[in-house]
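Need a 3D model of the following:
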Amino acid sequence: IVVAGLAGSTPHMISATVLALSRLVYAFREPLRDGHVVDELLAAVLVLLQARSKEIVKAALGFVKVCLVAMDRQRLEVHVPAVVAAVLGWGDESKERFRLKVRVILERLVRKFGYDTVLSYVPEEHHRLMVHIKKTNDRARRDKVKKREAWEQ
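All right, here's what the predicted structure looks like:
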């Protein structure tokens, strides 16, 4: 019954539905792991990322982040090209509104699938962002090792 809100007439109703679905998927991620409900919802929400309403896009990006946590690697692997393509459509928006959410989603994809796998789906114009993500992750890893070594001494 909640999914019916995706066909709502106002952006507010659609975004509220996507937020509710995000919460439901997160809360019931264990029972939903075996079914294909989340796959179908993710496909539907990726279509919503093409909407011009910023309210809908914000909710859809949040849903994608929840799916990265809720879905296991094998089921999510099928959706990686579509997720990268849909998310990067908002990565270079002139204002900072969605840039951080896009970067966090890409970082989680890199963590789950590896840098080279995600980079193969990223268009050439966004490779600078991927290089930045890699440098940031490498720097954080080096700092963590340094802190651990300093603590052990």
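
Do a quick rundown of the strands in the protein.
Here the chain has no strands by DSSP state E.

Okay, buried residues for the helix ranked longest in the chain please.
The longest helix of the chain (DSSP state H) is helix 127-152. In terms of neighbour count (16 or more other Cβ atoms under 10 Å), helix 127-152 has its buried residues at Leu129, Ile133. The C-beta positions use only the backbone N, C-alpha and C, and glycine is treated the same way.

same check, this time on stretch 29-40
Arg29, Leu32, Val38, Asp39.

okay, the residues you listed in JSON lines with distance to Val122 and pLDDT next?
Putting the buried residues of stretch 29-40 into JSON lines (distance: Cβ to Cβ, whole Å; pLDDT from 0 to 100) gives the following:
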{"residue": "Arg29", "distance to Val122": "27", "pLDDT": "84"}
{"residue": "Leu32", "distance to Val122": "28", "pLDDT": "79"}
{"residue": "Val38", "distance to Val122": "24", "pLDDT": "86"}
{"residue": "Asp39", "distance to Val122": "22", "pLDDT": "87"}
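
Select from the residues you listed every entry located in helices.
Using DSSP H, those in helices are Arg29, Leu32, Val38, Asp39.

Show the contacting residues for the third one.
Going by Cβ atoms under 8 Å, 6 or more residues apart in numbering, Val38 touches Val25, Leu32, Cys67, Ala70, Met71, Arg75.

Identify the farthest-apart pair in those residues.
Farthest-apart pair in these is Val25 and Arg75; separation 12.6 Å (Cβ to Cβ).

would you list every one of the helices in this protein?
Counting by DSSP H, the chain has helices at residues 11-27, 29-32, 37-48, 54-70, 73-77, 80-88, 99-113, 115-121, 127-152.

I'd like these laid out as TSV, including distance to Ala4.
Formatted as TSV, those follow (distance: least, Cβ to Cβ, whole Å):
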stretch	distance to Ala4
helix 11-27	8
helix 29-32	18
helix 37-48	12
helix 54-70	16
helix 73-77	25
helix 80-88	23
helix 99-113	26
helix 115-121	32
helix 127-152	36
